[in-house]
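Participant: This is a predicted model, with the sequence first.
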Amino acid sequence: MNDCLFCRIIRGEIPSKKVYEDEHTYAFDDINPQAPTHVLVVPKKHVRGLKEAMAEDAELIGYCQLAAANIARQRSIEDGYRTVLNVGPRAGQSVFHLHVHCWAGEICNGLRDRAALRLFQVCGFALEASPRERQDPDSTAHILVHNLGQKKLSFRPKI
């Protein structure tokens, strides 16, 4: 596609900090990193997203995952990283060219903490947190982990 941001990056029309390239993929550091390591692995073939992918794209999608594993080895983070495909705007996809996020560092812990927070909220546990802290998912997730250690959780049944 001519106007696709990632296609333009792959063609060299828009600068990027390239970290990996082969015949199938192009990978670069995210300009708005959400973790100490945040690399985008993009197939050179334009595929709008996972929901638009066809059976013939399966090998390419798998190849993106293998490229992420290669990058993890190069960066010595292969003992703890996450790969994510966002599908659609409600999942956070903002560029409609299929891409794999490769994250390592604090974000992995933060995502785990936010998932635990949501589970506790659904089950009816209340946290000791200020209104401002309750509005910030990262802050609230940190409080959850701290309160678990201090045993400062109270159960508030949902009726």
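Facilitator: Received, thanks. None of the values given here were measured: they were computed from a predicted structure. Residues are numbered from 1 along each chain as shown.
Participant: right, and residue 65 touches residue 100 too?
Facilitator: Yes. Applying Cβ atoms under 8 Å as the test, residue 65 and residue 100 come out as touching, 6.4 Å apart. From N, CA and C alone the C-beta is placed, and that goes for glycine too.
Participant: what sits in contact with each of those two?
Facilitator: Among the neighbours of residue 65, those also in contact with residue 100 (Cβ atoms under 8 Å, 6 or more residues apart in numbering) are residue 83.
Participant: wait, residue 36 sits on residue 102?
Facilitator: No. Taking Cβ under 8 Å as the contact criterion, residue 36 and residue 102 are not neighbours in contact, 11.7 Å apart.
Participant: the more surrounded of the two?
Facilitator: Between residue 36 and residue 102, residue 102 has the larger neighbour count (other Cβ atoms under 10 Å), namely 29 against 13.
Participant: In what element of secondary structure is the more buried one found?
Facilitator: For residue 102, the host element (DSSP states H and E) is strand 100-104.
Participant: Give me the phi and psi for residue 83.
Facilitator: Here the main-chain torsion angles of residue 83 (degrees, to the nearest 10) amount to phi -110, psi 140.
Participant: OK, contacts around it?
Facilitator: By Cβ under 8 Å, 6+ apart, the contact list for residue 83 reads 65, 68, 100, 101, 102, 103.
Participant: try residue 95
Facilitator: Residue 95 sits in contact with 4, 5, 6, where contact means Cβ under 8 Å, 6+ apart.
Participant: hang on, it in a strand?
Facilitator: No. The assignment for residue 95, made by DSSP: H, G, I helix; E, B strand; the rest coil, is coil rather than a strand.
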